[in-house]
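1. Below: sequence and its predicted model.
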Amino acid sequence: EGVGPQEYTGIKMQVLDWSDKISPEIKSTLANKKSFFVAATLRPETMYGQTNCYVGPKIDYGVFAVNDDEVFICTERAIRNMAFQGVTAYEGEVRKIGTIKGSDIVGTSLKAPLAVLDRIYMLPMDSVLPTKGTGVVTSVPSDSPDDYANYMELRKKAEFYGIDPAWVSHDIIPVLKTPSFGDLTAKTLCEKFKVQSPKDAKNLAEAKELAYKEGFYGGVMVIGEFTGQPVQEVKNKVRDAMIKNGTAIAYSE
Ligand code: A2H
């Protein structure tokens, strides 16, 4: 992380069906609204390959009205920033509807913009920080070593984590290819650095560093309307198009 603000893309992931653990009160309050989890990402060009979305199981998430018919679910500090960045219709003001625990969100299904998959699931990831972004991290296991390591962990121990194995049964979706690491950069690098689990912080840090550099400087898209074009040129085109068509917001901190 450098000095100066981090420019995230906030991906709006619309709730299709809430998990059984969400209270009937919250469900009925939200019944006639569009509810979105907002995931902060630095890699908007990879959104084709989303396989699921992560929340911190111990984090408290707020449910916030952002205009007359839309609701965002994210951390309170994120919505506060958004309210000052003109993302919401209520300038500088936070309108909280309720609170939900990350662990209760697990199992909720979403429609993720650009994703090849029609429906993806909210899953737990212990390394999600409440102090960064929105506290919601969309999972792209083809290109993010963190996402890949956690996805494999959940696959191996679905029962332990209390999740349906069907929620982690997808093949990993290639999004871009690089000269050094092929079209599943995160998998290649997690294997190269012998990342055994999401807790393997040291090896993961090495994998992440290389994945990011190689993806940005050497990556060429293998999916979507920008197929064949370099990631360096595509990143902002995807971001701008998503913001323009209302499937993402600009968010910085
Ligand atoms: B990135 P930086 Cl494909 N806790 O998005 C932990 N991680 C978080 C987070 C939080 N609260 N909020 C965002 N992030 C993740 C895509 C991606 C990301 C790919 C490859 C690398 C990558 C799909 N996940 O990040 O510390 C989000 O994951 C590599 C660092 O602000 C976000 O972008 O630099 C990135 O970390 C922001 O990290």
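-> Cool, got the structure.

2. Contact residues of the chain facing the ligand?
-> For the chain, the residues in contact with the ligand under the definition Cβ under 6 Å from any ligand atom are 1, 6, 40-43, 46, 127-129, 132-133, 135, 137-140, 143-144, 147, 208, 212. To be clear about C-beta, it is placed using only N, CA and C from the backbone, and glycine gets the same treatment.

3. Narrow these to those in helices?
-> Mapping the residues of the chain next to the ligand onto helices (DSSP state H) picks out 147, 208, 212.

4. Put the buried members of the residues you listed into a PyMOL selection.
-> With 16 or more other Cβ atoms under 10 Å as the criterion, this PyMOL line picks the buried residues out of those:
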select buried, resi 147+208+212
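
5. From the residues of the chain next to the ligand, list the buried ones, please.
-> When neighbours are counted using 16+ other Cβ under 10 Å, these contain these buried positions: 40-41, 43, 46, 128, 132-133, 135, 137-140, 143-144, 147, 208, 212.

6. can I get the ones in helices among the residues of the chain next to the ligand in a markdown table with pLDDT and distance to K244?
-> Output for those, formatted as a markdown table (pLDDT from 0 to 100; distance: Cβ to Cβ, whole Å):
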| residue | pLDDT | distance to K244 |
| --- | --- | --- |
| D147 | 98 | 26 |
| K208 | 96 | 30 |
| Y212 | 93 | 26 |
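
7. mind listing the helices for the chain?
-> Remark: helices of the chain, listed N- to C-terminal, are 24-30, 76-84, 102-105, 145-156, 185-192, 201-218, 231-244; assignment by DSSP H.

8. Tell me who's in contact with E206.
-> E206 sits next to F193 when contact means Cβ atoms under 8 Å, 6 or more residues apart in numbering.
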